[in-house]
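Engineer: Fold the stuff below for me.
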Amino acid sequence: EVQLVESGGGLVQAGGALRLSCAASGFTFDDYAIGWFRQAPGKEREGVSCISKSDGSTNYADSVKGRFTISSDNAKNTVYLQMNSLKPEDTAVYYCAADLLCGNMPYYWGQGTQVTVSS
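Structural biologist: Purely as a prediction, here's the structure:
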């Protein structure tokens with residue numbers, strides 16, 4: 001059974017930092033790209049970042065470039081999203097998702113973790 005389990009969300013003040021984790025199981029971790037998405041109340045889900053473990057390439061939404069960093073620990077089957085200089089507009093439920101390629105609509109999704117940034 002494929003599982004993606006996010007953790008690390010919480011409440012933080014603007015300017016603060018959080019690190020999200022996505023623990024994966026049930027599939028060959030090295031064969032999949034892992035992406036982070038977020039959805040704020042009343043807004044559409046948007047892609048935040050993605051890492052392709054086949055070549056280590058990463059991409060970021062313009063809104064988070066320079067503040068967020070995605071990384072992967074293949075030994076732990078875990079992908080991280082380090083979020084620095086958080087802004088109130090980063091408030092959302094963050095989801096990790098897996099598919100063969102970054103840019104695909106992911107097939108596998110986690111349950112999400114809430115990130116709230118207070119002003």
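
Engineer: only C-alpha atoms for contact and neighbour calcs from this point on.
Structural biologist: OK.

Engineer: Count the neighbours of the closest residue to V2 other than its chain neighbours for me.
Structural biologist: Excluding the flanking residues, the one nearest V2 by C-alpha to C-alpha, 6 or more residues apart in numbering is G26, at 4.1 Å. Residues within reach of G26, counting by other C-alpha atoms under 10 Å, total 9.

Engineer: Quick check, pLDDT for G26.
Structural biologist: Per-residue confidence (pLDDT) for G26: 92.

Engineer: wait, what's in contact with it?
Structural biologist: Counting by C-alpha atoms under 8 Å, 6 or more residues apart in numbering, G26 touches E1, V2, Q3.

Engineer: give me that answer again for 10 Å
Structural biologist: By C-alpha atoms under 10 Å, 6 or more residues apart in numbering, G26 lies in contact with E1, V2, Q3, L4.

Engineer: Please report how far it lies from F37.
Structural biologist: Look at G26 and F37: by C-alpha to C-alpha, to the nearest Å, they are 21 Å apart.

Engineer: Run through the residues that contact K53.
Structural biologist: Contact analysis of K53 by C-alpha under 10 Å, 6+ apart lists 29-34, 71-74, 100-102.

Engineer: what does the helix or strand containing V48 contact?
Structural biologist: Applying DSSP states H and E as the criterion places V48 in strand 46-52. The contact list for strand 46-52, computed with C-alpha under 10 Å, 6+ apart, reads 30-40, 56-65, 68-72, 79-81, 94-103, 105.
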